[in-house]
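Quick one: sequence and predicted model below, then my questions.
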Amino acid sequence: MAGQGNIIYINGPVVKADHMEDFTVREMVMVGEKKLIGEVISLEKDRGTIQVYEETSGLRVGEKVSGTGRPLSVKLGPGIIGNIFDGIERPLSKIYDSGFKFIPEGIGLISIDESKLWDVEMLAKEGDILKPGDVFAKVQETSMVVHKVMVPPGISGRVVSVAKSGSYTIHDTLVVLEKDGMRNELKMYQEWPVRKPRPVAQRMPIEKLLVTGQRVIDTFFPLAKGGTAAIPGGFGTGKTITQHQLAKWSDADIIVYIGCGERGNEMTEVLEDFPKLKDPRTGNPLMDRTVLIANTSNMPVAAREASIYTGITIAEYFRDMGYNVAIMADSTSRWAEALREIAGRLEEMPAEEGYPAYLASRLAAFYERAGYVRNLNGTEGSITVIGAVSPAGGDFSEPVTQSTKRIVGAFLALDRELAHARHFPSINWLSSYSGYVPMLGDWFRQNVASDIMALRSKMLKILQEENKLMDIVKLVGEDVLPDDQRVILEIARIIKTGYLQQNAYHPQDSYVPLSRQYSMLKVIDRLYDRAYSCVRRGIPLSKIKDEALFSDIIMMKYNTSDEKPELFQELCDRIDRYYDSLESMYKEGAADEG
Amino acid sequence: MKVKYLKLDKAEGPLIVMNEVRDAVYDEIVEIEMADGEFRTGKVVQIDRDRVIIQVFQGTSGISLNDVSVSFTGKPMEIPLSREILGRVFNGTAMPIDGAGEIYSNNTYNINGRPMNPVARLYPRNYIQTGISSIDGLITLIRGQKLPIFSGDGLPHNQLAAQIVRQARISDEEAGKFAVVFAAMGIKHDEADFFRKVFEEAGVMDRVIMFLNLADDPVVERIITPRCALTAAEYLAFECDMHVLVIMTDITSYCEALREISSAREEVPSRKGYPGYLYSDLASLYERAGMLKGSKGSITQIPILTMPNDDITHPVPDLTGYITEGQIVLNRSLYQMGIYPPINVLPSLSRLMKDGIGKEYTREDHPDVANQVFSAYSRVQEIRALAQVIGEDELSETDKKYMEFGRQFEERFAKQDFEENRDINTTLDLMWELLTILPEQELTRIDPSLVKKYLRK
Ligand SMILES: Nc1ncnc2c1ncn2[C@@H]1O[C@H](COP(=O)(O)OP(=O)(O)OP(=O)(O)O)[C@@H](O)[C@H]1O
Ligand SMILES: [Mg+2]
């Protein structure tokens, strides 16, 4: 029997109760007359400390706490995709449909739609032996997602009865399994405790690119399917836009987007835009592969702490079906602050900047749930985790940024100076890195071009060279440099404006497939080679830098398209023609002189 | 069944502690009657069995432990609201101070509000013409946006806010649907008077509601002032379909009050002694801006804050910037150069601008030309730094043009009279005019077809 406690202490989201002997740590509880949802975070003798996921205003000492007998869990089944939930998986659109424009307390534990009928195609037959993870039915959940109904972890047996394919709600029994005389009824959904990673058969090496269509990311700081990445940056540097871009364009099968302590309007924007945007690969509305978890900055802080676990549990569930899932958490700093706020109210010993000492280990445990895996059912799936970090004062030396940096594979450092100059994405090409480059080399060579990695290094080197030269330029001006150095500055300028800068709001430029990225790199490379060799021949830079040609190359991102790949060839030809004639002019000139 | 308690256990700073209280409700309002008949209000902030901690809005000075009577209302703070609030002046706890009597209404509203359901929000897309070039051109204000002014002591943030209120153009058919809610937290009397005068001169006083907690008013009261103001704004916007502009000043004083309470409660501080929940607390104010599906009204917020030491990384501007939809940053050296409004556009930003400008809203060339002006002006900063080292004469021809662009940008575009009201076309044309100073191939942010159409050499 679930226990019943008695409230003795209230301080914001933290409530204490006595008579809590029958409760367990991490048990989900109902607090007070309004039945606010909470979770037991610690027990001592007959006392329990509870974090409450709803506003506690109006609660009194003496009200009851009742147990549910299970840890904080989410329902996993059809109806998740295309939906928006709060931090503990309560459906915000359903809440809105019931007339709540503002979020009330005490709405109880509702989750995915329980009355909706789904068209179920049964795959299991009587007599089949099913084990955890096995898919026994299919549901077309949205235009983009086939929901594979799986045997929950820990359950197996022989199929003794199967429903016919047809329309069912998530509560209807589809299959009955029998093992050692015990029967298990399987339905379209399962429940899973959010803080516990779902089991997999095996972790596998990371070797596939997560294509994002963002040039600076794909080419220079690539993300990997199953990898982790952090996007740190001060306010207004572009974390959210970058996360939105990744949610829109990356080639994952499922997107889980967690708005963790950020703006309400940003969620609204996704809700308004994604149904209208088309997936570049299938042409289906992007919302049909997306699920949103929203705990906006003014929603209760304890649910913020839970929201990233809710999100990653949903991600794991779809990974288990064999999908590549990408999860964005904007912002993990708000999650860390929620942790800090609750730790503070518990009067725990603070470590750095008031954060609890377990900050780093909690962060690590979260990112650890990413990975490329073989699932229990033999399929392969992945979770890529991309977390935004909002450092206080934009200073990357603070604890959340530092703890995150130690864990993640890719670090996309956003730069305030670049953002102020409206160089977007403001990813700093000197301080960012991707540890996945060595693992993805083969993939790039096989899927893009054999020389792509070489091109990448060459361009990066030009940028690094430019950075060194700029130190001199800042002191003496550009004119003083020799032409073979000035040409580096010119090419770097083209890389920066023409390639690294990518306008999220420009229809042509928002998403750029790898083939087009490669073609652009080839054009810049051709320009560099030809210009550099002219410099070598002693031709003055003023002649080498043809304004019209240079500016057309900078603008090629707007003027070329996937439909007309020949335009890149035309640009290359133009470069050749220009420098051929320049070289021959100077050859003649030299001959005349001689 | 109101129980009165006659004994306090402890009174210190903004807090009183009482023992043997039965049935206290978390967050409820308590009324404290002192021996001399003075009334104060407080709020239950912590309950530990029968021990209750109460935050007293007017502070504890003058309170004695025995000579008081405390009654618990059982309810969070609520204020009565009706259309009668238009034109009225209240103190920081929503008590009328203009001598025009109480507000009578059957409906009272919890000042804490509730979080808007993101599904119920309507994404703001309509721009507000403020007549100020830097804002309209480069940091466009959108109806339903929260766009703070980051200022410093002695900078003309009040003038700027006043100019916005005066010039913010609302189309004629909606003119009757316009209201200003003004929340003052710890500002000086003359500042409050300045605003009152501006509202009177603009002839909008009958559409203004003022909530005033001035510098010599109780500090802790500041915590509720903006909440009362925003509750009134929500009422007007979502029940009366009005477009409400909320000016809140000074957020820094508000945060200091919060810090005072936090330290009195001996909470673990985060940066600069501010409580760890400052972000969430500020969000509970700022997120009350916006629009709702099914309501015709809107709440646009212009919070004003003074950056201590002009430091934008200070927790107050920093956390604000993380919540609001951009910021308008004022700059001391521009002001010293005689430029009003001294808006430094580079660190300034309007995040909602992208969806509220362009063809359907302002003009087709707006996004690109704004982008170009930003990038050119940021280049100006680099070149100025270089010119400092090598001298302006040594600059390349192109760089010299950028220097000229920078000068004219500040003198002709940014600088504008307090009374000057430029329409959006004037502002955009001015931007093109400035760009003619630069060589055409520098215009890499603008679609070539727009250059052809708008650039007049
Ligand atoms: N790729 C991009 N293309 C065009 N504009 C961009 C891009 N990235 C960012 N921006 C601009 O920068 C602004 C701020 O970006 P964003 O909202 O993502 O910042 P943020 O880092 O998430 O800030 P905060 O921490 O306050 O949430 C955007 O409103 C937009 O104007
Ligand atoms: Mg953001």
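Structure's in. What do you need? Ligands and ions are numbered 1, 2, ... in the order given.

Distance of the nearest residue to B:Leu349 once chain neighbours are set aside relative to B:Gly356?
Counting by CB to CB, 6 or more residues apart in numbering or on different chains, the nearest residue to B:Leu349 once its immediate chain neighbours are dropped is B:Gly326, at 4.1 Å. Any C-beta I mention is one placed from the backbone N, CA and C, and that applies to glycine too. B:Gly326 sits 12 Å away from B:Gly356, going by CB to CB, to the nearest Å.

go on, A:Val487?
Note on A:Val487: its distance to B:Gly356, by CB to CB, is 42 Å.

Kindly report the same for A:Thr379.
Remark: distance between A:Thr379 and B:Gly356 (CB to CB) = 45 Å.

Could you do B:Lys296 as well?
According to CB to CB, B:Lys296 stands 17 Å off from B:Gly356.

that older thread, neighbour count winner among A:Thr379 and B:Gly356?
B:Gly356 (23 against 17; other CB atoms under 10 Å in any protein chain shown).

Surely the more buried one touches B:Asn126?
Yes - here B:Gly356 reaches B:Asn126: they are 6.1 Å apart, a contact under CB atoms under 8 Å.

Now do the shared contacts for those two.
Taking CB atoms under 8 Å, 6 or more residues apart in numbering or on different chains as the contact rule, B:Gly356 and B:Asn126 both touch B:Ile142.

which stretches of chain A have low pLDDT?
For chain A, the stretches flagged by pLDDT under 70 are A:1-2, A:589-594.

could you point out the longest helix in it?
helix A:566-593 (DSSP state H).

what number of residues lie near A:Val145?
23.

whoops, I mixed them up, A:Asn447
Neighbour count for A:Asn447, taken as other CB under 10 Å: 14.

Centroid-nearest residue for the chain?
No chain specified, so I'll use chain A. A:Met328 (2.6 Å; CA atoms, centre = their mean).

could you do chain B instead?
B:Pro303 (0.8 Å).

Is it correct that that one falls within a helix?
No - B:Pro303 is assigned strand when assessed by DSSP: H, G, I helix; E, B strand; the rest coil, not a helix.

Run through the helices of the stretch 51-200 of chain B in chain order.
Remark: helices assigned in the stretch 51-200 of chain B by DSSP state H, counting those that start in this stretch are B:133, B:157-167, B:189-201.

which one of those helices lies closest to ligand 2?
Closest of the helices of the stretch 51-200 of chain B to ligand 2 is helix B:157-167, at 24.9 Å (criterion: CB to the ion).

And the helix ranked longest in chain B, what's buried?
The longest helix of chain B (DSSP H) is helix B:366-390. Neighbour counts over helix B:366-390 (16 or more other CB atoms under 10 Å in any protein chain shown) mark B:366-383, B:386-387, B:390 as buried.

Check which helices and strands that helix sits against.
In terms of contacts (3 or more CB pairs under 8 Å, 6 or more residues apart in numbering or on different chains; DSSP states H and E), helix B:366-390 is packed against helix A:452-476, helix B:397-408, helix B:424-435, helix B:448-454.

can you list the residues of the stretch 101-250 of chain A near ligand 1?
Within the stretch 101-250 of chain A, the positions lying close to ligand 1 (CB under 6 Å from any ligand atom) are A:233, A:235-241.

typed the wrong thing, it's the stretch 201-350 of chain B
Counting by CB under 6 Å from any ligand atom, the stretch 201-350 of chain B comes close to ligand 1 at B:321-322, B:349.

Try it again at 5 Å.
Residues of the stretch 201-350 of chain B lying close to ligand 1 (CB under 5 Å from any ligand atom) are B:Tyr322.

And the helices in the stretch 201-350 of chain B?
B:225-234, B:251-264, B:278-286, B:315-323, B:332-336.

repeat for the stretch 51-200 of chain A
Under DSSP H, counting those that start in this stretch, the stretch 51-200 of chain A gives helices at A:92-97.

Find the nearest non-adjacent residue to B:Met307, please.
Once flanking residues are discounted, B:Met307 sits nearest to B:Pro317: 4.9 Å by CB to CB, 6+ apart.

Next up, the contacts around that neighbour.
By CB under 8 Å, 6+ apart, the contact list for B:Pro317 reads B:150, B:305, B:307, B:311, B:327.

so what's the closest residue to A:Arg319 other than its chain neighbours bridging to?
Closest residue in space to A:Arg319, ignoring its immediate chain neighbours: A:Gly381 at 3.8 Å, by CB to CB, 6+ apart. Applying DSSP bridges to A:Gly381 gives these bridge partners: A:Val373.

ok so, going back, pull the most distant pair out of the contacts of B:Pro317.
By the measure CB to CB, B:Asp311 and B:Gln327 form the most distant pair in those, at 14.0 Å.

phi, psi of whichever residue of the stretch 201-350 of chain A sits closest to ligand 2?
Nearest residue of the stretch 201-350 of chain A to ligand 2: A:Thr240, at 3.1 Å (CB to the ion). Per-residue torsions, A:Thr240: phi -70, psi -40 (degrees, to the nearest 10).

I'd assumed B:Cys240 was in contact with B:Phe178.
No - if you go by CB under 8 Å, B:Phe178 and B:Cys240 don't touch, sitting 11.3 Å apart.

what about residue 442, how many residues close to it?
I'll assume chain A. Number of residues near A:Asp442 (other CB under 10 Å) recorded here: 11.

wait, I meant chain B there
19.

which bits of the stretch 101-250 of chain B sit near chain A?
Counting by CB under 8 Å from any CB of the partner chain, the residues of the stretch 101-250 of chain B lying close to chain A are B:112-124, B:238.

quick one: contacts for A:Val40?
The contact partners of A:Val40, by CB under 8 Å, 6+ apart, come to A:20, A:23-27, A:29, A:48-50.

From these, which land in strands?
Per DSSP state E, strands hold the following members of the contacts of A:Val40: A:27, A:29, A:48-50.

Nearest to chain A: which residue in the stretch 151-300 of chain B?
As assessed by CB to the nearest CB, chain A sits closest to B:Ala283 within the stretch 151-300 of chain B, at 3.4 Å.

what's the nearest residue to that residue if we skip its chain neighbours?
Among residues not flanking B:Ala283 along the chain, A:Ser297 sits closest, at 3.4 Å (CB to CB, 6+ apart).
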